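In: sequence first, predicted model second:
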Amino acid sequence: MKLLIKIISFLGLGLNIIPAILVFGTYMSADTCKLLMLIGTVLWFGTAPSWMNKKDADPAGE
Amino acid sequence: MENRKSLVARLNAVNEYEQQAIPNNKLKGWRSFLGTYAGEHTAGTEFVIGPLFVAHGASAIDLVTGLILGNILAVLSWAFLTAKIAVKTRVTLYFLLEKIAGKKFTLIYNLVNAGLFCFLAGSMIAVAATAVGIPFDMTMPQLTDIYPNNVGWVTTVFAVGAVTTVIAMFGFDQVSKFAMVAAPWMIMVFIAAALAVLPRLGVTEVGSFWSVAESTIWTGTPLEGQSKFGFWHILFFAWFCNMAMHIGMADLSLLRYAKKWQVGFSSATGVFLGHFIAWIASGILYSLFLIESEGSLTFAPGPIAYSAVGVAGAICVVIAGWTTANPTLYRAGLAIQSINPKWKTWKVTLFVGLFTTIAACFPALVMMLLEFVALYGLILMPVGAVIFIDVYLLEKIGLQSNYAEARGTSLNWSVALTWLITLAFCLLLNLVMGIEIFFLGLPGWFVAVLVYVVTAKIIQKK
């Protein structure tokens, strides 16, 4: 479950950068990019807090 | 009623070890600081500073080289000055200063400090408000605006200020968690926004970026009424824009949680993501805005980011503002609370948040951000020099460190004189020799060191 949530988080993060790269390469329209980035934002903030802020995720922080 | 009690109990339980050394089990490692620095320095200010470099006519080569060198100097300052002292002492700047300079000096310093922190946090709340106001068709501020001039602006600023204050009231842990989650996403949005608008600037392949950067984005020609920025302006601004935090030692409050001094290098995430990539990205966005608006005076990061990448861009401006305003409000709260440790952290933060929100209503806070940031670092710098000398040098030359504590005095005059003489010297350099505010920090630091050593010798021999 934790792995699935992490995958969704990184998918969200990817949706925030990959569409912009495609716009730069003229493979995607700006409007599609904006929509995908919003979806990516929702995915990131909907999932990342559940695993990023776990105390045991910091192995002594070193 | 029970809920209310529970909330107050939770707020009262927020203990940030303001008046004691951090216990070992509360120390934090690299990861916490990497996230905190990345979040804190990829912030609302970046949406303003990058564009102001464009407005000041920085050339592309000056910008890139100045930022790289200036940022390296900033990281070295954090690691070798701030982090080393933070790990050695494990107390806040305010607690350490009280031992060195005495309670009376610390009281004055804290008030000045808290005021400056409030203004910085206020500018971030204002930046966030430019994005929050988009759906309400709010009239955006202009480059020349000084005073609040419409109800919509004031209402939006107050709404953003209220939310920011509530988050800050719950202490550093909540701020750190929020910054950690938001940081990687913000970096992506900054980069994405710049990439997505490059074709509109005529960049259609990687190879053509530099020529467009030189000819269209950072042309080397300032906007009308703006001074010209060169390589040295950029270098010193990048180095000293956080002077209060590193050389001025304000980040003792954060880095005292570090397990070892090398953690100070984690500030590199902040400066190279926030003060390099984000400044470049926001400069690109503003340059496009200037071209497409035919030189409009509107200066509103929210709509600019929204135009580039839609709702995600607007949300990024809001969150970027929050992640700077939150720790800054927290620091201001610490500064005020050290006046009377019995005051509850959350109550102090609530008061600071209200003051900050009122300040945020003035657009001048955003439009004069470069000058304000430089002034803010300069004012706090002499105290950092005093702490550095007190911790490392005074005992080696036969003088008493932590003089105020050792002598039981409430005002160490050598610190007060150091502060006053250094700032007077910097003012003279500015007024008589015409040296710009961005360059005053370096000579000022050496003057502060010299004055502190000399006055400490004179006063301690009496």
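Out: Noted; the coordinates are in hand. Numbers count the residues shown, from 1 in each chain, chains lettered A, B, ... in the order given.
In: chain B contacts on chain A?
Out: Within chain A, the positions adjacent to chain B are A:12-13, A:16-17, A:19-21, A:23-24, A:26, A:30-31, A:33-35, A:37-38, A:40-41, A:44-45, A:48-49, A:52-53, A:58, A:60-62 by C-beta under 8 Å from any C-beta of the partner chain. Bear in mind the C-beta positions are built from the backbone N, C-alpha and C, glycine included.
In: buried subset of the residues you listed?
Out: In terms of neighbour count (16 or more other C-beta atoms under 10 Å in any protein chain shown), the buried residues within these are A:12-13, A:16-17, A:19-20, A:23-24, A:30, A:33-35, A:37-38, A:40-41, A:44-45, A:48-49, A:52-53.
In: which stretches of the stretch 151-300 of chain B have low pLDDT?
Out: B:171-176 (pLDDT under 70).
In: which residue does it have closest to chain A?
Out: At 3.5 Å from chain A, residue B:192 is the closest residue in the stretch 151-300 of chain B, using C-beta to the nearest C-beta.
In: just the element for that residue, please.
Out: Per DSSP states H and E, residue B:192 falls inside helix B:172-197.
In: buried ones in that helix?
Out: Neighbour-count burial for helix B:172-197, counted by 16+ other C-beta under 10 Å, picks out B:172, B:174-197.
In: now do the contacts for the residue of the stretch 151-300 of chain B closest to chain A.
Out: Contacts for residue B:192 were tallied using C-beta atoms under 8 Å, 6 or more residues apart in numbering or on different chains; they are A:16-17, A:19-20, A:33, A:37, B:309, B:312.
In: quick check: closest non-adjacent residue to it.
Out: residue A:20 (3.5 Å; C-beta to C-beta, 6 or more residues apart in numbering or on different chains).
In: list the residues that contact that neighbour.
Out: A:33, A:37, B:191-193, B:195-196, B:309.
In: surely residue B:278 and residue B:44 touch.
Out: No - applying C-beta atoms under 8 Å as the test, residue B:278 and residue B:44 come out as separate, 10.3 Å apart.
In: so for these two, which sits in the more crowded spot?
Out: Set residue B:278 next to residue B:44 and count neighbours by other C-beta atoms under 10 Å in any protein chain shown: residue B:44 wins out with 31 against 28.
In: chain neighbours aside, what residue packs nearest to residue B:209?
Out: In space, residue B:209 is closest to residue B:203, 5.1 Å off (C-beta to C-beta, 6+ apart).
In: next: residue B:254.
Out: Nearest non-adjacent residue to residue B:254 (C-beta to C-beta, 6+ apart): residue B:36, at 6.8 Å.
In: quickly find the element holding the one you found.
Out: According to DSSP H and E, residue B:36 maps onto helix B:30-41.
In: counting by contacts, list what the helix or strand just after that helix packs against.
Out: Sequence order places helix B:46-55 as the next helix or strand after helix B:30-41, per DSSP H and E. Contact partners of helix B:46-55 among helices and strands, from 3 or more C-beta pairs under 8 Å, 6 or more residues apart in numbering or on different chains; DSSP states H and E: helix B:103-132, helix B:279-292, helix B:301-309, helix B:311-337, helix B:369-392.
In: so the second one versus helix B:46-55, what angle?
Out: Compare the direction of helix B:279-292 with that of helix B:46-55 by axes from the mean of the first three to the mean of the last three C-alpha atoms, to 10 degrees and you get 60 degrees.
In: convert the C-alpha atoms of the longest helix seen in chain A to CSV, please.
Out: Identified as the longest helix of chain A according to DSSP state H is helix A:30-52. The C-alpha coordinates for helix A:30-52 follow below in CSV (Å, rounded to 0.1, in the frame of the first residue of the first chain):
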residue,chain,number,x,y,z
ALA,A,30,-0.2,24.6,-23.2
ASP,A,31,-3.8,24.0,-22.1
THR,A,32,-3.3,20.2,-21.8
CYS,A,33,-0.1,20.9,-19.9
LYS,A,34,-2.0,23.2,-17.4
LEU,A,35,-4.7,20.5,-16.8
LEU,A,36,-2.1,17.7,-16.3
MET,A,37,-0.1,19.9,-13.9
LEU,A,38,-3.2,20.5,-11.8
ILE,A,39,-4.0,16.8,-11.7
GLY,A,40,-0.3,16.2,-10.7
THR,A,41,-0.6,18.8,-7.9
VAL,A,42,-3.7,17.1,-6.5
LEU,A,43,-2.0,13.7,-6.6
TRP,A,44,1.1,15.0,-4.9
PHE,A,45,-0.6,16.8,-2.1
GLY,A,46,-3.1,14.0,-1.7
THR,A,47,-0.5,11.3,-1.2
ALA,A,48,3.0,12.7,-0.3
PRO,A,49,2.1,13.9,3.3
SER,A,50,1.2,10.4,4.3
TRP,A,51,4.8,9.1,3.7
MET,A,52,7.1,12.1,3.7
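In: off-centre distance for that helix?
Out: Centroid separation for helix A:30-52 versus its chain: 5 Å, with C-alpha atoms, centre = their mean, to the nearest Å.
In: in stretch B:109-129, what counts as buried?
Out: Quick answer for stretch B:109-129 (16+ other C-beta under 10 Å): B:109-110, B:112-129.
In: contact partners for the closest residue in space to residue B:182 that isn't next to it in sequence?
Out: Leaving aside its chain neighbours, residue B:182 sits nearest to residue B:319 (5.0 Å; criterion: C-beta to C-beta, 6+ apart). By C-beta under 8 Å, 6+ apart, the residues touching residue B:319 are B:128, B:182, B:185-186.
In: same check, this time on residue B:80
Out: So residue B:80 contacts residue B:264 (C-beta under 8 Å, 6+ apart).
In: repeat that for residue B:54.
Out: Per C-beta under 8 Å, 6+ apart, neighbours of residue B:54: B:217-218, B:283, B:286-287, B:290.
In: repeat the analysis, applying 6 Å as the threshold.
Out: Contacts for residue B:54 (C-beta atoms under 6 Å, 6 or more residues apart in numbering or on different chains) come out as B:283, B:286-287.
In: my guess is residue B:67 meets residue B:277, correct?
Out: No - contact criterion C-beta atoms under 6 Å: residue B:67 and residue B:277 do not qualify, at 9.6 Å.
In: higher neighbour count, the two?
Out: Taking neighbours as other C-beta under 10 Å, residue B:67 and residue B:277 compare with residue B:67 leading, 24 against 18.
In: before we move on, which element is that one in?
Out: Judged by DSSP H and E, residue B:67 forms part of helix B:60-77.
In: between that helix and helix B:369-392, how big is the angle?
Out: If you take the same axes, to 10 degrees, helix B:60-77 sits at 30 degrees to helix B:369-392.
In: go through the helix or strand immediately after helix B:60-77 in the chain and flag the buried ones.
Out: Counting by DSSP H and E, the element after helix B:60-77 in chain order, helix or strand, is helix B:84-89. For helix B:84-89, the neighbour count (16+ other C-beta under 10 Å) marks B:84-87, B:89 as buried.
In: what does helix B:84-89 rub up against?
Out: With C-beta under 6 Å, 6+ apart, helix B:84-89 has contacts from B:96, B:252, B:255-256, B:258, B:261, B:391.
In: where's the residue sitting nearest the centre point of chain A relative to residue B:182, distance?
Out: Nearest to the geometric centre of chain A sits residue A:13, at 1.9 Å (C-alpha atoms, centre = their mean). According to C-beta to C-beta, to the nearest Å, residue A:13 and residue B:182 sit 12 Å apart.
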